[in-house]
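Engineer: I would like to see how this sequence folds:
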Amino acid sequence: MRSANLTRVFLPQKEKFDLANCPTSSHYLHHMAYPDWRLTLLFFLLIACSKDEPEDEIPKVYEPSQALTIFFINDQHGQIDNFAKIKVIVDQERQKTNVILACSGDIFSGNPVVDNYSDQGFPMVDLMNRSGFDVCVLGNHEFDYGEDKLRDRINQASFEWVCANVDMGGTGIPEPPEYYTFQLDSLRVTFLGLVETNGKPNAIIPLTHPWRVRNLNFERPEQVVGKYANIKEEEEADLYIALTHLGHSGFGGALGDYQLAEQHPYFDLIIGGHSHRIIDTMINHIPIFQAGDYLHYIGKISLTIRNKEIESWQYQLIDLDDYPDQDQELAKLIETYNDMPWLDEEIGFSHRYHQRNQVGCFYTDALRGQMQVDVSFQNSGGVRSALDEGVITKREIFEISPFNNGTIVYEMTVSDIANFLRETQSGFYYSGIQIKQTGDEIEVRDLNGISLSDTTSLTIGLNDYIPAVFDDHFSGNGQIHSLNDAETVIQYLLEIDGDVDYQQCDRFFRYQ
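Structural biologist: Alright, predicted model coming up:
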């Protein structure tokens, strides 16, 4: 259950003057009751002993505090319904103080309205523009639509994109700056962007379809962030913020927000994404935030800044689903975007609520049946939602599989399949065979439980993301099918079996 409107207040501890450090302090306290010439003398002695600086050092000038509110979202994955509420919240705050509205990436892939719009992704960027977004870091799923669409969406945006570890090369995609500095009255606020690069074992790319970033170059965030250690001073910024799409904690030496704070402690704040978490913590004296996912929440950070340091901050997590007010003009536009009747066409019936593991069984059965192959696989990350009980619509299938991955058929031996599972150590749903691990060995059986020899050849149907990521295990080009994976499942429901009822499912394998 989501918790709403959580507020946290932080006030840094102030330095205190300690009379005990002055050798005359006890005498001062003793003689407070005797207002004679000795008190005057002690007063001057107190002043002398309380000064730590040399007499000729210029005293520090303390500037007045400045106020700033930062709103942010992350991992909305195409969800658009709450933007009309965001606009009201942000517009009201802009009337009172300086405001920056930020996004920590993954704006695409997850809502069929946005993913299947005639100009892919257009509604998302349009609504972000109209809501008043100022800055967004590139997330891994910003690359899902391919190079041409990414170019169009970056050009469409009226907000700034930032990312320090991507090079668009000669693709024609506008190169995002590594960092960007906003001037708000006398405040200067700098955002540095970073995206994760854990998308493929033998390459440096984000978690997206490898064939869609062939002409782009990425660097590991942990290899580049040190170049920007002095940006706050160079930009004369009052705040230096890492706007990241790294995840809250890295693994295997990868950089996450927590590691960023520990290893590179020159940021004033870290606002992150990719983990789909609600995070409000402090690592190495640096506040770190995430605001959940799918546009259920917006984070609000209210800051006071003095002498280029955070004097105090207050954090509030606002539940957008429960927020009562919305901008009516934007709400009408969202209704227009959502008006896609073909997505609500009935194509089958689900006899129960199916969790993701049960959906994995249904999905691989559908691929195998429609593609007419011996075996099918589906990566666990390719099943993005559950399936409700009742009528099944096209919208639900596109929500389960939003990436528009193609479908492809390969021929592999049982030995090839076992090596693929063993060496990738990734998790897959599967259909058409039985898989069992005993010790280090993987045994493959047919559906009757009969063990298959290593040389047995089988046709394998799967989405083309899998061979693109694990290309060491898929030789040749394979036989490409005309429908993408979601369309293939829809056709299965329409032509073969529209009833879905998986009470139990144990067809998931990950080599241990």
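Engineer: Next, count neighbours for His351.
Structural biologist: Neighbour count of His351, defined by other CB atoms under 10 Å: 12. Bear in mind the C-beta positions are built from the backbone N, C-alpha and C, glycine included.
Engineer: Report the residue spans of this protein with pLDDT below the cut-off.
Structural biologist: For the chain, applying pLDDT under 70 flags the ranges 1-62.
Engineer: Which residue ranges make up each domain of it?
Structural biologist: Under the assignment automatic domain parsing, the domains of the chain span 1-60, 66-338, 342-509.
Engineer: Comparing those domains, which stretch has the densest surroundings?
Structural biologist: Across the domains of the chain, averaging neighbours per residue (mean count of other CB atoms under 10 Å) puts domain 66-338 on top, at a mean of 20.
Engineer: end-to-end on that domain?
Structural biologist: End-to-end distance of domain 66-338 (CA to CA, to the nearest Å): 41 Å.
Engineer: can you give me how far that domain is from the chain middle?
Structural biologist: On the basis of CA atoms, centre = their mean, to the nearest Å, domain 66-338 sits 8 Å off its chain's mean C-alpha point.
Engineer: Settle this for me: Tyr465 is touching Phe403, isn't it.
Structural biologist: Yes - here Tyr465 reaches Phe403: they are 6.8 Å apart, a contact under CB atoms under 8 Å.
Engineer: hey, what's in contact with both of the two?
Structural biologist: Common neighbours of Tyr465 and Phe403, using CB atoms under 8 Å, 6 or more residues apart in numbering, are 209, 382.
Engineer: show me what contacts Arg130?
Structural biologist: Arg130 sits next to 83, 87, 330, 333 when contact means CB under 8 Å, 6+ apart.
Engineer: tell me which of these is nearest to Ser312?
Structural biologist: The closest of the contacts of Arg130 to Ser312 turns out to be Lys87 (CB to CB; 27.4 Å).
Engineer: got a list of contacts for the helix or strand that closest one falls within?
Structural biologist: Lys87 belongs to helix 83-94 when assigned by DSSP states H and E. Applying CB under 8 Å, 6+ apart, the contact partners of helix 83-94 are 69, 71, 73, 99, 101, 127-128, 130-132, 295, 298, 300, 318, 320, 323, 325-328, 330-331, 334.
Engineer: how does it look with 10 Å?
Structural biologist: With contact meaning CB atoms under 10 Å, 6 or more residues apart in numbering, helix 83-94 is reached by 69, 71, 73, 76, 82, 99-101, 123-124, 126-128, 130-134, 295, 298, 300, 302, 318-335.
Engineer: which is the next helix or strand following that helix?
Structural biologist: Per DSSP H and E, the first helix or strand lying C-terminal to helix 83-94 is strand 98-103.
Engineer: Provide a list of residues in contact with the closest residue to Met128 other than its chain neighbours.
Structural biologist: The shortest distance from Met128 to any non-neighbouring residue, by CB to CB, 6 or more residues apart in numbering, is to Phe159 (6.5 Å). Contacts for Phe159 (CB under 10 Å, 6+ apart) come out as 101-103, 125, 128-129, 131-136, 180.
Engineer: between those, which is nearest Thr190?
Structural biologist: Nearest to Thr190 among these, counting by CB to CB, is Tyr180 at 7.1 Å.
Engineer: and Ile100, bridged to which residues?
Structural biologist: Beta-bridge pairing for Ile100 (DSSP bridges): Ile70.
Engineer: what's the answer for Val137, then?
Structural biologist: Going by DSSP bridges, Val137 is paired in beta bridges with Val162.
Engineer: ditto for Phe428
Structural biologist: With DSSP bridges as the rule, Phe428 is bridged to Asn379, Phe509.
Engineer: contacting residues around it?
Structural biologist: Phe428 makes contact with 360, 364, 376-380, 382, 420-421, 435, 462, 466, 507-511, according to CB under 10 Å, 6+ apart.
Engineer: starting at the chain centroid, how far to stretch 445-458?
Structural biologist: Centroid separation between stretch 445-458 and its chain, computed with CA atoms, centre = their mean, is 41 Å.
Engineer: Could you measure from Phe398 over to Ser118?
Structural biologist: Distance from Phe398 to Ser118, counting by CB to CB, to the nearest Å: 15 Å.
Engineer: Could you pull up the contacting residues of the residue nearest to Arg356 when sequence neighbours are not counted?
Structural biologist: Spatial nearest neighbour of Arg356, chain neighbours left out: Val383 (5.2 Å); criterion: CB to CB, 6+ apart. Val383 is in contact with 355-360, 362-364, 400-401, 429, counting by CB under 10 Å, 6+ apart.
Engineer: try 8 Å
Structural biologist: 356, 359-360, 363, 400-401, 429.
Engineer: Narrow the residues you listed to those in helices?
Structural biologist: Counted as lying in helices by DSSP state H, out of the contacts of Val383, are 356, 359-360, 363, 400.
Engineer: Kindly confirm my reading that Phe377 is in a strand.
Structural biologist: Yes - Phe377: assigned to a strand according to DSSP: H, G, I helix; E, B strand; the rest coil.
Engineer: And the strands in the stretch 301-450 of the chain, which stretches?
Structural biologist: For the stretch 301-450 of the chain, the strands defined by DSSP state E, counting those that start in this stretch cover 309-319, 346-350, 375-379, 390-393, 406-413, 428-431, 434-438, 441-445.
Engineer: Of those, give the one that comes closest to Pro265.
Structural biologist: Nearest to Pro265, of all those, is strand 309-319, at 13.5 Å by CB to CB.
Engineer: Could I get the full set of strands for the stretch 1-150 of the chain?
Structural biologist: 6-10, 66-73, 98-103, 135-137.
Engineer: Run through who's touching the longest one.
Structural biologist: This points to strand 66-73. Strand 66-73 is contacted by residues 86, 89-90, 93, 97-104, 184-187, 189, 238-239, 241, 269, 271, 289, 291, 295, 297-306 when judged by CB under 8 Å, 6+ apart.
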